[in-house]
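In: I'd like to go over a predicted model; first the sequence, then the structure.
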Amino acid sequence: MNWLADFAETLDQAAVGARAVPQLTHARPDLTVEDAYAIQKLSIDRRLDRGERLVGIKMGLTSRAKMRQVGVDQMAWGRLTDAMMLDEGGSLSLANFIHPRIEPEIAFLMGAPLAGRVTMVEALAAVAAVAPAMEVIDSRYEDFKFALPDVIADNSSSSGFVIGGWNDPSQDLSNLGVILEVDGAVTEVGSSAAILGHPLRSLVAAAAMVSQGGGRIEEGDIVLAGGITAAPALHGGQAIRTTIENLGSVALRVQA
Ligand code: 0L1
Ligand code: MG
């Protein structure tokens, strides 16, 4: 339907031009979650048409801290492309974003596909490696405000991500300490348990949600399990580091 494609174009252009747009639900209060995932797909298809490649998925709103921060209390997922990947220890330019925030994440590297209803044991068996990560989220909506269908259509706010060193996944991931430092000062503290009680539960949810949309998580995909803490705003010149117990650190610098 044309209006879905029109919304997809609006969000795609907002991302490309780093310009905020009004929430879609202001124009269309009856927008459903199903419509929103269709818009997300159409808008990411526009990027694929420009030569980007899908490299995985992100889960969003899997922790209470994130739900509280944005006032939406249901999980959502989005698509990751190669153009969103940032170099570990590298820098990002604020010019490419509207009002970016950063959040600590756990990333899974898939060693096998995963789809449908799976147990945590089956999810773990499909994981090749686990890493500390950070996601740059940058809602394309004015004032970073949205309802659930808005944020889903907007690729669950995903704008960039950075992955640290990969680790053996056969370790206890249930309650790993997490700190987010800005310029060497600890600004957020959390635990991997903040992700649905165990980060593997996010992977279980991801398999089910992606299948509902007719897709599956592929071998080689990266899956971001969801923000662990609230996400502070990024400002020029900041040095950002996330450290996760037993998994290591991942860093980024914001260009001045
Ligand atoms: O913070 C937000 O923009 C909500 C969607 C992304 C949340 C997450 O990745 O956990
Ligand atoms: Mg996130």
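Out: Perfect, thanks for sending it. Ligands and ions are numbered 1, 2, ... in the order given.

In: Show me the strands in this structure, by range?
Out: In chain order, the chain shows strands spanning 54-60, 76-81, 85-86, 91-92, 101-110, 127-137, 158-163, 177-182, 185-191, 222-224, 239-244, 248-254, with DSSP state E as the criterion.

In: Quick one: residues in contact with the last one.
Out: The reference is to strand 248-254. With C-beta atoms under 8 Å, 6 or more residues apart in numbering as the test, strand 248-254 has contacts from 86, 88-92, 94, 102, 131-134, 162-165, 167, 234-243. The C-beta positions use only the backbone N, C-alpha and C, and glycine is treated the same way.

In: Mind doing that once more with 7 Å?
Out: For strand 248-254, the external contacting residues (C-beta atoms under 7 Å, 6 or more residues apart in numbering) are 86, 88-92, 94, 132-134, 162-165, 234-243.

In: repeat for the longest one
Out: Contacts made with strand 127-137 from outside it, assessed by C-beta under 7 Å, 6+ apart, are listed as 58, 92, 100-111, 157-167, 169, 173, 224, 227, 231, 240, 242-244, 247-250, 252.

In: With the first one instead?
Out: Outside strand 54-60, the residues that touch it by C-beta under 7 Å, 6+ apart are 75-82, 85, 135, 156-158, 202, 205-206, 210, 217, 221-226.

In: Could you identify the buried members of the residues you listed?
Out: Burial by neighbour count, judged by 16 or more other C-beta atoms under 10 Å, picks out 75-81, 135, 156-158, 202, 205-206, 210, 217, 221-226 from the contacts of strand 54-60.

In: so which of those are also by ligand 1?
Out: Residues shared between those and the neighbourhood of ligand 1 are 135, 156-157, 226 [C-beta under 6 Å from any ligand atom].

In: hmm, stretch 20-29 touching ligand 1?
Out: No: for stretch 20-29, no contact with ligand 1 is found by C-beta under 6 Å from any ligand atom; the gap never falls below 12.6 Å.

In: In CSV, please show the C-alpha coordinates belonging to that stretch.
Out: What follows is stretch 20-29 as a C-alpha-only set of coordinates in CSV (Å, rounded to 0.1, in the frame of the first residue of the first chain):
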residue,chain,number,x,y,z
ALA,A,20,13.7,14.7,12.9
VAL,A,21,10.2,14.1,11.7
PRO,A,22,6.8,14.1,13.5
GLN,A,23,5.6,10.7,14.9
LEU,A,24,3.7,8.6,12.4
THR,A,25,1.0,8.0,15.0
HIS,A,26,0.2,11.7,15.0
ALA,A,27,-0.9,11.5,11.4
ARG,A,28,-2.3,8.0,11.7
PRO,A,29,-3.3,7.1,15.3
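
In: buried stuff in it?
Out: Neighbour counts using 16+ other C-beta under 10 Å place 20-21, 23-25 of stretch 20-29 among the buried residues.
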